[in-house]
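**Student:** have a look; sequence and predicted model below, questions after that.
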Amino acid sequence: MGSVEAIFLRPAARLPVRSVDSADAVSARGLDGDHTSGGKRQVTVLSLEAWRDACAELGREVDPSIRRANILVAGVDLTNSIGRPLRVGGVVIDVLGETRPCELMDDDGRVGLDAALRKELRGGVFGSIRVGGPIRVGDLVELGDRSTGA
């Protein structure tokens, strides 16, 4: 079992993220206040441990908000999460795919971060919100079983 370490909302594409203590996850839509809405990529999740591994490979610490993921979790291995439900407090996210890093990760002198994130789903995953509700920093996070969907 893991926990929510940070929540980030992206008001618009390419604008800086906003760190918040809580957010409302809206079923089949995304996080209230985030610029994405609907579709398969309603929410993005990043593992703190995977982020730290990428930073170690890069040779320096980089603030995880630069990744622009919505939810930063600790204690949850996302490498085998695709096709499984992720419980975040009372919210259920169906993990659908890898959030592929892009060359923008290398902007502002972070050359090499893009490549460091391409291993073992270090760049995170995306999914759709099956069950909405509030998400708060500190909420428990658990990866559900593939076969039961719970």
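**Tutor:** All right, it came through fine.
**Student:** tell me the pLDDT at the spatially closest residue to residue 53 that is not a sequence neighbour?
**Tutor:** Leaving out its chain neighbours, the residue that sits closest to residue 53 by Cβ to Cβ, 6 or more residues apart in numbering is residue 122, at 6.2 Å. Any C-beta I mention is one placed from the backbone N, CA and C, and that applies to glycine too. Looking at residue 122, its pLDDT reads 87.
**Student:** next one: residue 87
**Tutor:** 98.
**Student:** just checking, it touches residue 141?
**Tutor:** Yes: if you go by Cβ atoms under 8 Å, residue 87 and residue 141 touch, sitting 6.8 Å apart.
**Student:** quick check: longest helix of the chain.
**Tutor:** helix 48-58 (DSSP state H).
**Student:** for it, packing partners?
**Tutor:** Judged by 3 or more Cβ pairs under 8 Å, 6 or more residues apart in numbering; DSSP states H and E, helix 48-58 is in contact with strand 71-74, helix 113-117.
**Student:** do that again at 6 Å, thanks
**Tutor:** The helices and strands touching helix 48-58, judged by 3 or more Cβ pairs under 6 Å, 6 or more residues apart in numbering; DSSP states H and E, are helix 113-117.
**Student:** next structured bit after the helix it packs on?
**Tutor:** strand 125-131 (DSSP states H and E).
**Student:** poorly predicted segments of the protein, please.
**Tutor:** 102-113, 147-150 (pLDDT under 70).
**Student:** strands of that one, start to end?
**Tutor:** 2-9, 18-20, 22-26, 30-31, 43-47, 71-74, 85-88, 91-98, 125-131, 133-136, 140-143 (DSSP state E).
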